[in-house]
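>>> structure, please.
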Amino acid sequence: MAWTVDKQVALTSTEAVESIQSGRLKAVDYVATLIARAQALANLNALTVLDVEGALAAAHRIDKLSAQERAQLPLAGLPIVVKDNINTRGLQTSAATPALEGFAPARHAPSVQRLVDAGAILLGKANMHELAFGITSTNLSPQAGPVRNPWDPGLIPGGSSGGTAAAIAARIVPAGLGTDTGGSTRIPAALCGIVGLRPSVGDGGTQRRYHDPDAVVPISHTRDTVGPMARTVADVTLLDGVITGHGPLAPLAPATVANLRIGLPAPLWAGLEAALEQVARAALDKLAAAGVTLVPVEMGELLALNEQVSMAIALREPVEDLRAWLVANQAPVQSVAAVAARIASPDVRTIFEAILASTSGDDYQKAMTVWRPRLQQLYAQTFAADGLDALLFPTTRLTAVSIDELNGSSRVSIDGSAFIDEMAAYLRNTDPSSNAGIPGLSLPAGITRERLPVGLELDGPAGSDRRLLAIGLAFEQILGVLPAPTI
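Numbers count the residues shown, from 1 in each chain. Next up is the predicted model:
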């Protein structure tokens, strides 16, 4: 088979692995093609590091294996990018902030190590919203720069895992890792037209699906998690299976689809951008026509309960958690103040000033002992009372907006309504399930007339990640996969 550049960059993760395992495609040829594409699309600022030498060396090692040895590697020769706040041995982990520029940890994060052990090739580190404190990925550090959406370089890709999403959507890599605190895998997945998973966190202990202690530059130990991102649900399922030690799932049979009961939470379907809602409602029509039962649910307390939890955690946990990561990883600076002093993005600096000035001890304790359990109970009761397999809603209230290169983020208006905080607008739909610790999966619903992607999110009960992915596989068969953006 003649592997043209177009054929190589169009490969999904599962297709690429199958081609390399069979020997039909050389890993070194595939990696070289993607390196060239990354260099050609450097204006997207999707990457903070492109590891040309390391990636090619890893590809050569894959090609030297026998066919039988390659067959034992579920990710043989698969190039990935890893968000720049996830520890990678010998490769920069800076959270795209000046104080940590060039710092390379001694060990991979466990999630990264499992992917590499399975044959994945680390192509580079992905750009992000500085220190993950934002949803635009407009990084104003001169070493990083704002990440640009491949569908329109003047627009945000979402964040904070915007570099991972942009690299995947632009066909620089077929898959990668982001992190998610309040929506940071799912929001950029939605705005870039790809798939992003936030795995279960639950109580943060035994209920946590991915375990990466002291291996991610943190915001919140209660909410932070690594999450896989790719162009298809099948590809995300493949990565999740490797990270957790499970095998990949087969797509659901149509008969199972007809038995699905999916809840539509009213608060998360309100106040949407008209163009986005049109695409999302059309997707509902397709799902209903395929036999999915759609059940409206009220969840009237959802947003009020979430507000009681979210702000208290956001003001309390970042300082202690970041200090612990700096010490545990022997970072070049050992104090949060030293990191904060060199923050380049004005919006992130403002957030850190508020965090450092906060005295929210009582609010935090109440959030963790009263409001968060009540939020979790609301979800559990909703799933049980209506016999729901999952909840479904637009991942974001609006499509991608223009990049703010002065502040990093600002205020937005939805269809001419009053201006609201940009981060709050995009987080509204993803934040509640983050605080509840339940899994969420964003997959493409379609594109607007302006050719901007729209995402739909599936949320499932705590610990139902594999079931949620199986539902996502079925929905992807109905809704389809988005074409590549024109770059």
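>>> phi, psi of the residue lying closest to residue 67 once chain neighbours are set aside?
Nearest residue to residue 67 in three dimensions, chain neighbours excluded: residue 23, at 5.8 Å (Cβ to Cβ, 6 or more residues apart in numbering). The way it works is simple: take the backbone N, C-alpha and C, and place the C-beta from them, glycine included. Here the main-chain torsion angles of residue 23 (degrees, to the nearest 10) amount to phi 90, psi 0.
>>> could you check the top helix by length along the chain and say which residues are buried?
Looking across the chain with DSSP state H, the single longest helix is helix 302-328. By neighbour count on 16 or more other Cβ atoms under 10 Å, the buried set for helix 302-328 is 302-303, 305-306, 308-310, 312-319, 321-323, 325-326.
>>> from the chain's centre, how far out does it sit?
Computed by Cα atoms, centre = their mean, to the nearest Å, the chain-centroid distance of helix 302-328 equals 19 Å.
>>> could you say what helices and strands that helix packs with?
Helices and strands touching helix 302-328, by 3 or more Cβ pairs under 8 Å, 6 or more residues apart in numbering; DSSP states H and E, are helix 336-340, helix 346-357, helix 361-366, helix 372-385, helix 431-436.
>>> could you tell me the least trusted of those helices?
Of all those, the segment with the smallest mean pLDDT is helix 361-366, scoring a mean of 88.
>>> in it, which residues are buried?
In helix 361-366, counting by 16+ other Cβ under 10 Å, buried: 363, 364.
>>> figure out how far that helix is from the centre of its chain.
Per Cα atoms, centre = their mean, the centroid offset for helix 361-366 relative to its chain is 29 Å.
>>> by contact count, what packs against it?
Counting by 3+ Cβ pairs under 8 Å, 6+ apart, helix 361-366 packs on helix 302-328.
>>> okay, how far is it across stretch 55-75, tip to tip?
14 Å (Cα to Cα, to the nearest Å).
>>> quick one: buried residues of it?
In stretch 55-75, counting by 16+ other Cβ under 10 Å, buried: 55, 56, 58, 59, 62, 63, 65, 70, 73, 74, 75.
>>> turn those into TSV, including secondary structure, distance to residue 468 and pLDDT.
Shown next, in TSV, are the buried residues of stretch 55-75 (DSSP: H, G, I helix; E, B strand; the rest coil; distance: Cβ to Cβ, whole Å; pLDDT from 0 to 100):
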residue	secondary structure	distance to residue 468	pLDDT
55	helix	32	98
56	helix	36	98
58	helix	32	98
59	helix	33	98
62	helix	31	98
63	helix	36	98
65	coil	34	97
70	helix	30	96
73	coil	26	95
74	coil	21	94
75	coil	22	96
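>>> tell me the one of those nearest residue 34?
residue 55 (8.3 Å; Cβ to Cβ).
>>> mind listing what the spatially most central residue of the chain touches?
What sits nearest the mean C-alpha location of the chain, by Cα atoms, centre = their mean, is residue 185, with 1.5 Å. Residue 185 sits next to 161, 164, 178, 179, 196, 197, 198, 227, 228, 229, 442 when contact means Cβ atoms under 8 Å, 6 or more residues apart in numbering.
>>> ok, which stretches of the stretch 51-200 of the chain are strands?
79-83, 121-126, 175-180, 195-198 (DSSP state E, counting those that start in this stretch).
>>> can the ones you listed go into a markdown table with extra columns for mean pLDDT and mean neighbour count?
Formatted as a markdown table, those follow (pLDDT from 0 to 100; neighbours: other Cβ atoms under 10 Å):
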| stretch | mean pLDDT | mean neighbour count |
| --- | --- | --- |
| strand 79-83 | 98 | 30 |
| strand 121-126 | 98 | 28 |
| strand 175-180 | 98 | 30 |
| strand 195-198 | 98 | 32 |
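>>> how about a markdown table for the ones you listed, with distance to residue 407 added?
As requested, the strands of the stretch 51-200 of the chain are arranged in a markdown table below (distance: least, Cβ to Cβ, whole Å):
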| stretch | distance to residue 407 |
| --- | --- |
| strand 79-83 | 22 |
| strand 121-126 | 22 |
| strand 175-180 | 23 |
| strand 195-198 | 25 |
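>>> identify whichever of those lies nearest to residue 243.
strand 175-180 (8.9 Å).
>>> tell me which strands the closest one pairs with, and in which orientation.
Sheet pairing of strand 175-180 (DSSP bridges) gives strand 79-83 (parallel), strand 225-230 (antiparallel).
>>> nearest to residue 331, out of the ones you listed?
That would be strand 79-83 among those, by Cβ to Cβ, at 16.9 Å.
>>> which residues sit against that closest one?
16, 30-31, 34, 46-47, 55, 88, 112, 115, 120-126, 128, 161, 163-164, 167-168, 172-179.
>>> alpha carbons only: can I get that strand in CSV?
Provided in CSV are the C-alpha atoms of strand 79-83 (Å, rounded to 0.1, in the frame of the first residue of the first chain):
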residue,chain,number,x,y,z
PRO,A,79,2.3,8.9,18.5
ILE,A,80,0.7,10.9,21.3
VAL,A,81,1.1,14.3,22.9
VAL,A,82,0.8,14.8,26.6
LYS,A,83,-0.4,18.1,28.3
